[in-house]
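# requesting a structural model of the entry that follows:
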Amino acid sequence: MKKPWLSSNECSVPDCAFKTNDVSEALAIALLTNHGLAHQSAPVVMAAPAQAPTLQGPKLDRPRVDVGVSIEEWNVFLRRWEVFCTGSGIGAAQAPFQLFQCAEPELGDSLLKANPTVASGTLPDLIAAMRSLAVIPITTCVLCTELLQLRQERDETFRAFTARVRGRAETCAYAAVCECGKAVDYTDHIIRDVLINGIYDSDIRRKVLSTSDILNKPVNDVVALVENKEMARNALPSLALSAMSSFQRLRRGPQVSSTPTPGPADKARMASCPECRGTFNVFTEGSRGWNTKLHQLCIDCYRARRRKRRQQPLASSQQAAMELEPISQNASFQPSSRPGRRRGSHVDSPVILEHHIFSKGEWRRARTRDHPRAQITISVDRSGGLCGGPVGQGFFIVVIKNNN
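Numbers count the residues shown, from 1 in each chain. Next up is the predicted model:
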């Protein structure tokens, strides 16, 4: 009997290690066909779980910039621009166009006049062009001088003062190049010195200066130290205020309780008005509480009587001013018809007085009795020697003659 032909065959798919053993040709074909089905079947891909739809936040406000801003305001604008780009998802291709829309009309017109294609360029070129037109140029020495003169305001928190100092210090370019060629930034050292020097409370500044290694502490540690002392100061009053308050309490004595509230029977108590014969409540509650004394009249009669009492003194005072009170009158002097007078001459005509009173919000001329008149003689004595004065010094001598 003749033996069948045996052979071993390999899979034709690359990187496949399948191989048939020494089997007959028919069996090898069947094994390779069955193995090929494994390569033809697509791998099962697990479906990804459905993602929940992301909710978009509210639209961000676009930062604005105009001409005439300081370098500190420009730095704040750049930081707002970075936040706006990140929150709005603005890419690098759309960034120049979006940045140009942040310019106010005056700044945008200036940019287009200087360079019509400024919005089509790169983002750094547009930022440089906007800064050259928007920022007011100030020398660094002036900025450093203003920084060293900053002081904490009375009602300003120390953290707000720190933010103001840090924003100004960033514009002063406190940097230097070391001998080794490395750039050194000492802005934090200047900020710490300005903060310590600008503390408003002298007691807190004295305590901070007495702290050991205060110049070696970071700025955040200095801020935390001052804030803790401010909180302690605000929580506990000063000794002077406490002593004054205790002194006032001892001086005033025990506080008297408020007006006692009448009972239900007193609240309902009624009386008859002697003028209008009407009934009224004896006790009433006003803005200052219940009355302590009994009401004698009803509210309408009380107001009428008070109004009548106010009108009587007014009429009597006006009549007294017209007739019996010359002191309340204003006298105006009428000068003599002769403007000049010689030395040693006398004026015989008396001074005429015109009388006025203040009535109904204005000054009015009053017809009253004549004011008592007196003849006044004024002379100048230049003989000198009076009261030990030097020779040649004049003295006025006034002689009053009563014609009555």
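
# does residue 108 belong to a helix, a strand or coil?
Following DSSP: H, G, I helix; E, B strand; the rest coil, we place residue 108 in the helix state.

# domain parsing for this protein?
Here the domain assignment for the chain is 6-36, 71-134, 154-235, 273-285+294-315, 374-404, based on automatic domain parsing.

# buried residues of the first one, list them for me.
By that I understand domain 6-36. For domain 6-36, burial by neighbour count (16 or more other Cβ atoms under 10 Å) applies to 11, 20, 23, 28, 31-32. All C-beta spots, glycine's among them, are computed from the backbone N, C-alpha and C.

# quick one: what helix or strand has residue 294 in it?
Assigned by DSSP states H and E, residue 294 belongs to neither a helix nor a strand.

# would you mind measuring from the nearest residue to it once chain neighbours are set aside to residue 15?
The shortest distance from residue 294 to any non-neighbouring residue, by Cβ to Cβ, 6 or more residues apart in numbering, is to residue 282 (4.9 Å). Between residue 282 and residue 15 the computed distance is 114 Å (Cβ to Cβ, to the nearest Å).

# just residue 65 next, same as before
The gap separating residue 65 from residue 15 is 61 Å, by Cβ to Cβ.

# the helices in the stretch 201-350 of the chain, which residues?
Remark: helices assigned in the stretch 201-350 of the chain by DSSP state H, counting those that start in this stretch are 202-209, 219-235, 239-252, 264-267, 299-323.

# mean pLDDT lowest where, among those?
In terms of average pLDDT, helix 239-252 trails the rest of the helices of the stretch 201-350 of the chain, at a mean of 58.

# could I get the contacting residues of residue 301?
Residues in contact with residue 301 (Cβ atoms under 8 Å, 6 or more residues apart in numbering) are 273, 275-276.

# which residue sits closest to it, ignoring its sequence neighbours?
residue 275 (4.5 Å).

# looking at it, that neighbour is touching residue 296, isn't it?
No - Residue 275 is beyond contact range of residue 296, at 9.9 Å (criterion: Cβ atoms under 8 Å).

# for residue 148, grab the count of nearby residues.
For residue 148, the neighbour count with other Cβ atoms under 10 Å is 14.

# can you list the weak-confidence ranges in the stretch 251-400 of the chain?
By pLDDT under 70, the low-scoring segments of the stretch 251-400 of the chain are 251-260, 313-355, 361, 366-372, 380-400.

# please redo it, this time with the cut-off set to 50
Judged by pLDDT under 50, the stretch 251-400 of the chain has its weakly predicted residues at 257, 324-340, 385-389, 391-394.

# quick one: residue 82 from residue 90, how far?
Taking Cβ to Cβ, one finds residue 82 at 10 Å from residue 90.

# neighbour count winner among the two?
Taking other Cβ under 10 Å, residue 82 and residue 90 do not tie; residue 90 has more neighbours (15 against 11).

# spatially nearest residue to that one (excluding sequence neighbours)?
Nearest one to residue 90, counting by Cβ to Cβ, 6+ apart, is residue 98 at 5.3 Å.

# any idea how far residue 104 is from residue 181?
Distance, residue 181 to residue 104, by Cβ to Cβ: 42 Å.

# likewise residue 374?
From residue 374 to residue 104 the distance is 79 Å (Cβ to Cβ).

# with residue 234 instead?
Counting by Cβ to Cβ, the gap from residue 234 to residue 104 is 42 Å.

# which one of the two has more residues nearby?
The residue with more neighbours, out of residue 234 and residue 104, is residue 104; 13 against 8, by other Cβ under 10 Å.

# can I get the contacts of residue 301 in TSV with distance to residue 73 and neighbour count?
Below are the contacts of residue 301 laid out as TSV (distance: Cβ to Cβ, whole Å; neighbours: other Cβ atoms under 10 Å):
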residue	distance to residue 73	neighbour count
273	73	17
275	74	13
276	74	13
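
# ok, back up a step: take the buried residues of domain 6-36 and write them to JSON lines, including distance to residue 144 and pLDDT.
As requested, the buried residues of domain 6-36 are arranged in JSON lines below (distance: Cβ to Cβ, whole Å; pLDDT from 0 to 100):
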{"residue": "11", "distance to residue 144": "80", "pLDDT": "76"}
{"residue": "20", "distance to residue 144": "88", "pLDDT": "75"}
{"residue": "23", "distance to residue 144": "94", "pLDDT": "72"}
{"residue": "28", "distance to residue 144": "91", "pLDDT": "76"}
{"residue": "31", "distance to residue 144": "88", "pLDDT": "76"}
{"residue": "32", "distance to residue 144": "86", "pLDDT": "76"}
